[in-house]
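Student: With the sequence up front, the predicted model follows.
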Amino acid sequence: MFQNLTRQQVHVAPPSNPSFLNEATSYLRQYSEECEIPYYQFLRREGKVRREIEASGFYTQTTEELRYGAKLAWRNNNRCIGRLYWKTLKVNDYRHLSSAEEIYHALLDHLAMATNDGNLRSVITIFAPERPGFPSARIWNSQLIRYAGYRQADGSILGDPINVNFTEIALEMGWRPSQRTNFDVLPLIIQAAGDAPRLFEIPPEFVLEVPMSHPSIDMRPLDLKWHAVPVISNMRLEIGGISYPAAPFNGWYMGTEIGARNFGDNDRYNQLPALAKLMGLDTSSNISLWKDRALVELNVAVLHSFAKHGVKIIDHHTASEYFLHHRQQEADKGRTTTADWDWIVPPISGSACPVFHHTYPDTVHKPNFFNMPDAY
Ligand code: ARG
């Protein structure tokens, strides 16, 4: 099979990397088994991939391999309680796009497809992978939609404190919000492969938001809202040894992510004291459980408001039941569900949720999504 190669071509082929080849073939084997691809076809594909790697140091996945790999990355992600729906993931194969503008438009398409007027769909958009010697595009945002956090002269923060660094970078790059509010949607910062990063505003019609109200408490003084779709854009998708650093994906919210963490955490919007005051609770002593009572009502408000505006969301009790259903469904297929207990158990009412009362192996299988260092 080498007779067509010149000495030069043989010479420039990178040293074979046995672990890369192993990752590739073990994924192809899993893909073929689970998708019931005939064995002879698996062998043919495996041989082709091995020769491609030997010749060039890399290989290109088929759209079907990519599509199934993305679903497996979701199924294998130990921190996600929503994995029952792993098979329904919609995969946009956008590996052919390269300019920042093209990526920007693909991200807007992603938002529209995922938002679906409130009937949210799980979507992943996959851009070109990292190749040895070639950088790949990076999306600098941690999620496509996030709220700015501005450090004020007096040291306090307006907006979401978790995004202060990113906000400073956007401002340094020339972002000029028309006014500074608690909920300014940050621009996208897109860095095409080998290029400087560029800023792009997300037109408001791509950002569905839900104003917060409560069935019995007048929460208007808090003036809270949240965006409908969480699209994580700073994790690396790895399938068959190939890394896709630009592969934003979304599901839909579990209420506690917003009601307990984003609104309730001290170092986020920190709304418990203000809500407790509105509720007339005694905040002078811990034993009134004013934080707990405010937390519950904040979470009632989130679920109530999303439902009222026809935006898909799940409560933590249902999510827990669905997760255990998923785990059972997997067991019926002879597969063990790995999970990270600390992340699976919801941040409120843990022991009232069935997931609390089980333990899970937290082995990390691939394909998967991995954290990576910030691009900035
Ligand atoms: N916890 C994150 C947030 O509140 C979102 C993480 C992904 N969540 C999801 N339901 N897919 O913004």
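Tutor: All right, it came through fine.

Student: got a list of what the most centrally placed residue in the chain touches?
Tutor: Nearest to the geometric centre of the chain sits residue 232, at 2.9 Å (Cα atoms, centre = their mean). Contacts for residue 232 (Cβ atoms under 8 Å, 6 or more residues apart in numbering) come out as 142, 143, 248, 249, 250, 369. No exception for glycine: its C-beta is placed from N, CA and C like everyone else's.

Student: residues in contact with the closest residue to the last one other than its chain neighbours?
Tutor: It refers to residue 369. Of all residues not flanking residue 369 in the chain, residue 235 sits nearest, at 4.3 Å (Cβ to Cβ, 6 or more residues apart in numbering). Residues in contact with residue 235 (Cβ under 8 Å, 6+ apart) are 247, 249, 369, 370, 371, 372.

Student: Show me what the residue nearest to the centre of the chain is bridged to.
Tutor: Beta bridges link residue 232 to residue 143, residue 249, judged by DSSP bridges.

Student: So for it, what's the pLDDT?
Tutor: At residue 232, the model reports a pLDDT of 98.

Student: residue boundaries of the helices in the stretch 251-376 of the chain?
Tutor: Under the criterion DSSP state H, counting those that start in this stretch, the stretch 251-376 of the chain contains helices at 255-256, 272-278, 290-308, 316-332, 341-344.

Student: looking at these, which is buried most?
Tutor: Highest mean neighbour count of these: helix 255-256, a mean of 26 (counted as mean count of other Cβ atoms under 10 Å).

Student: Near the ligand, which residues of the stretch 101-250 of the chain? Just list them.
Tutor: 143, 230, 232 (Cβ under 6 Å from any ligand atom).

Student: repeat that for 5 Å
Tutor: By Cβ under 5 Å from any ligand atom, the part of the stretch 101-250 of the chain that sits against the ligand consists of residue 230.

Student: that older thread, give me the subset of the contacts of residue 235 that lies in strands.
Tutor: 249, 369, 370, 371 (DSSP state E).

Student: Which of those residues has the largest number of neighbours?
Tutor: Among the ones in strands among the contacts of residue 235, residue 249 has the most neighbours (other Cβ atoms under 10 Å), with 25 neighbours.

Student: In this structure that one contacts residue 114, no?
Tutor: No: in this structure residue 249 lies outside contact range of residue 114 using Cβ atoms under 8 Å: 9.1 Å.

Student: anything in contact with each of the two?
Tutor: The contact sets of residue 249 and residue 114 overlap at 122, 123, 231 (Cβ under 8 Å, 6+ apart).

Student: Please render those residues as CSV that adds distance to residue 51 to the earlier fields.
Tutor: Shown next, in CSV, are the shared contacts of residue 249 and residue 114 (distance: Cβ to Cβ, whole Å):
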residue, distance to residue 51
122, 35
123, 34
231, 37
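
Student: Nearest to residue 135 among these?
Tutor: residue 231 (22.4 Å; Cβ to Cβ).

Student: Give me the number of neighbouring residues for the closest one.
Tutor: Residue 231, neighbours per other Cβ under 10 Å, totals 24.

Student: Let me see the contact set for it.
Tutor: Neighbours of residue 231 in contact, by Cβ under 8 Å, 6+ apart: 110, 111, 114, 143, 144, 145, 248, 249, 250.

Student: 7 Å - rerun?
Tutor: 110, 114, 143, 144, 145, 248, 249, 250 (Cβ atoms under 7 Å, 6 or more residues apart in numbering).

Student: Run a quick check on the fifth one versus residue 207, I expect a contact.
Tutor: Yes: under the criterion of Cβ atoms under 7 Å, residue 145 makes contact with residue 207 at 5.7 Å.

Student: residues bridging contact with the two, i.e. touching both?
Tutor: 185, 227.
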